[in-house]
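>>> What shape does this take:
(one chain, ligands or ions: 1)
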Amino acid sequence: MTQSWATFGADLHLDLAAGRGLRAGLVEALREAARSGRLAPGTRLPSSRSFAVDLGIARNTVAEAYAELVAEGWLTARQGSGTRVAERARPRRSAAAARVRHPARRGFTYDLRAGAPDLGGFPRAAWLAAARRALTDAPNEAFGYAADARGRVELREALAGYLARARGVYADPERIVLCAGFAHALTLLAGVLRARRVRDVAVEGYGLDVHRELLTRAGLRTRPLTVDAAGARTPDLPGEVGAVLLTPAHQFPTGVALTPARRAAAVDWARTTGGLILEDDYDGEFRYDRQPVGALQGLDPDRVVYLGTASKSLAPGLRMGWMVVSPGLLEEVLAAKGRTDWTSSALDQLTLAEFIRCGAYDRHVRGMRLRYRRRRDELVAAVSGRVAVSGIAAGLHAVLDLPAGTQASVLRAAAWQDLALETLSRYAHPEAALPDREALVVGYGTPSTSAWSPALTALTAALP
Ligand SMILES: Cc1ncc(COP(=O)(O)O)c(C=O)c1O
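Predicted structure coming up:
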């Protein structure tokens, strides 16, 4: 196989199959480039003379290859505008490529699944302004490979201030590690736990399967804790698990806050056994009714790893998260991070730092909190008297308990309207001893502003 580079505005890498004849090889390579979209429709190809020079072959060979592809309809040749990739050569996306673009979520007319914020609420103008300032001020070294595996110090400092002020986290910039979202942080911690020969990790009986899978893939066994009205039953934490993953501020998905007694039990367990508490504070900013529930990490920064994310407060597409680790854990976490070399861009880190520093993050969270609170109130009003609503003091989702025996028909009615809904049981750990509860987890943050009212109407139409 000979490989050649041709330069015409942009470089095109062509694999010319050896032994097939130069012309046939060139025809096939160009056809493949047009078919796959590597050569976009309308792209102007180099003249046959300069292309021949680039490839080190006879000009006639190139001219004949072009002529063949024009005849097949892949290229067009017009006097004065040269040879171009034909418009009809627009590539078809394969089914596999389509799956990769949307791994988890197919589009529904109405979507009330939990997990995403209102993406239409992303603060584009304020983010752009922060990005402009961040880029203007960025030192040249910011464009190089990261010098510090913890991530940009500017963002670590901004987060330390914000987390201490807004979430009661004991945060020192030296002990903050920036990650590509919570999932990345959890993956790193799972690796650290395995390296410490931990085998079992306790998780909440209701939780996200993707997070359980991350732990399992790292070689850890997940052991479910029962979740009740006071949160996860931390007094039941077994002595032999090496860590526990909790959502103390707003249990996902039941929405209850871990009570002070359960918090104390978790910390006691960690102190007596030497185990770690992994605190997932995924939507701590969005609390409506009571005083904010502070982070558990403040109780014992040596035993609790605090994990935060921009996925709810800003957008999951940013892939930005952070963890605050104890000094004893830092080296191991950085060793794990260094190996994966998987994190968010330095420019995004600098932008978020500026976004927090200038107060735009607080303003955005306040604005979104109002928006989500209004939706929550509308949801509660729309379903009142028909189903019991819980988990509404915070976050972007609520739990609707259905009358016994009605869940299947509600799901059928939802499907009929192309309304995406999820049940509480979908979040249950397969080994959890949980009561039979027919309930829906309704993500009221997900729809866009214009889609919210119709989605709510579709939901109420599906309820018994
Ligand atoms: C319980 C929980 N934890 C964490 C996250 C955030 O994950 P990530 O930062 O990987 O997007 C989410 C987001 O949906 C969540 O629901």
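
>>> make it CA atoms for all contacts and neighbour counts henceforth
Fine.

>>> so what's the residue in the stretch 1-150 of the chain that the ligand sits nearest to closest to, chain neighbours aside?
In the stretch 1-150 of the chain, the residue that lies nearest the ligand is residue 115 (4.0 Å; CA to the nearest ligand atom). Excluding its sequence neighbours, the residue lying closest to residue 115 (CA to CA, 6 or more residues apart in numbering) is residue 443, at 6.8 Å.

>>> doesn't residue 400 make contact with that neighbour?
No. With contact defined as CA atoms under 8 Å, residue 443 does not count as touching residue 400 (10.8 Å).

>>> who's residue 279 bridged to?
Listed beta-bridge partners, residue 279: residue 246, residue 306 (assigned using DSSP bridges).

>>> For residue 428, give its distance to residue 245.
Noted for residue 428: a distance of 15 Å to residue 245, by CA to CA, to the nearest Å.

>>> Between the two, which is the more surrounded one?
Between residue 428 and residue 245, residue 245 has the larger neighbour count (other CA atoms under 10 Å), namely 22 against 19.

>>> What pLDDT is listed against that one?
The model reports residue 245 with a pLDDT of 98.

>>> can you tell me which residues contact it?
Applying CA atoms under 8 Å, 6 or more residues apart in numbering, we find residue 245 in contact with 201, 202, 203, 204, 277, 278, 279, 280.

>>> and which of the residues you listed is nearest residue 53?
Within the contacts of residue 245, proximity to residue 53 (CA to CA) peaks at residue 280, which comes in at 59.4 Å.

>>> Can you get me a residue count around that closest one?
Residues lying near residue 280 (other CA under 10 Å) number 25.

>>> doesn't residue 307 make contact with it?
Yes. Using CA under 8 Å, residue 280 is in contact with residue 307, at 5.1 Å.

>>> what sits in contact with each of the two?
Residues touching both residue 280 and residue 307 by CA under 8 Å, 6+ apart: residue 182.

>>> Look up how far residue 241 lies from the closest residue to residue 121 other than its chain neighbours.
Distance criterion CA to CA, 6+ apart; nearest residue to residue 121, sequence neighbours excluded, is residue 368 at 7.4 Å. For residue 368, the distance to residue 241 equals 38 Å [CA to CA].

>>> The two: which is more packed in?
residue 368 (22 against 19).

>>> What score does that one have for pLDDT?
In this model, residue 368 is scored at 95, pLDDT.

>>> isn't it right up against residue 120?
No. Residue 368 lies out of contact with residue 120 (CA under 8 Å); the separation is 10.8 Å.

>>> How about residue 127: what's its closest non-neighbour residue?
Nearest non-adjacent residue to residue 127, counting by CA to CA, 6+ apart: residue 355, 6.7 Å away.

>>> Give me the contacts around the helix or strand where the one you found lies.
Per DSSP states H and E, residue 355 falls inside helix 346-357. The contact list for helix 346-357 (CA under 8 Å, 6+ apart) reads 126-127, 130-131, 133-135, 138, 142-143, 146, 151-152, 154-159, 162, 318, 320, 361-362.

>>> Next, the angle from the helix or strand just after that helix to helix 346-357.
Later in the chain than helix 346-357, the nearest helix or strand by DSSP H and E is helix 360-383. When axes from the mean of the first three to the mean of the last three CA atoms, to 10 degrees is applied, the directions of helix 360-383 and helix 346-357 differ by 80 degrees.

>>> got the buried residues for helix 360-383?
Using 16 or more other CA atoms under 10 Å as the test for burial, helix 360-383 gives 360-362, 364-365, 368-369, 372-373, 375-376, 379-380, 383.

>>> Which one of those is nearest to residue 286?
The nearest one, if we look at the buried residues of helix 360-383 relative to residue 286 and count by CA to CA, is residue 369, at 5.7 Å.

>>> Pull up the gap between the closest one and the ligand, please.
17 Å (CA to the nearest ligand atom, to the nearest Å).

>>> ditto for residue 429
In terms of CA to the nearest ligand atom, residue 429 sits 14 Å off from the ligand.

>>> Now do the contacts for the nearest residue to that residue once chain neighbours are set aside.
Nearest non-adjacent residue to residue 429, counting by CA to CA, 6+ apart: residue 205, 5.2 Å away. Contacts for residue 205 (CA under 8 Å, 6+ apart) come out as 224, 225, 226, 227, 232, 428, 429, 432, 433, 434.

>>> Can I have the buried ones of the residues you listed as a PyMOL selection?
In PyMOL, a selection of the buried entries from these looks like this (16+ other CA under 10 Å):
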select buried, resi 224+225+226+227+232+428+429+432+434
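
>>> for the contacts of residue 205, which one is nearest residue 460?
Checking those one by one against residue 460 (CA to CA), the nearest turns out to be residue 428, at 24.8 Å.

>>> any idea of the pLDDT on the residue nearest to residue 429?
97.

>>> can you offset everything so residue one is 548?
From this message on, residue numbering opens at 548, which makes the last subject residue 752.

>>> how near is it to residue 759?
Plainly put, residue 752 is 11 Å away from residue 759 if you go by CA to CA.

>>> repeat for residue 660
Applying CA to CA, the value for residue 660 to residue 759 is 19 Å.

>>> same thing with residue 776?
Using CA to CA, residue 776 is found at 22 Å from residue 759.

>>> of the two, who's got more company?
Set side by side, residue 776 and residue 759 show more neighbours around residue 759, with 21 against 14, by other CA under 10 Å.

>>> Quick check: what element follows whichever strand or helix holds the more buried one along the chain?
Following DSSP H and E, one finds residue 759 within helix 756-764. Toward the C-terminus, helix 756-764 is succeeded by strand 768-772 as the next helix or strand (DSSP H and E).

>>> Helices of this structure, start to end?
569-583, 595-602, 606-619, 642-648, 671-684, 700-714, 728-742, 756-764, 807-820, 874-887, 893-904, 907-930, 954-963, 996-1009 (DSSP state H).

>>> That concludes my questions; thank you for your assistance.
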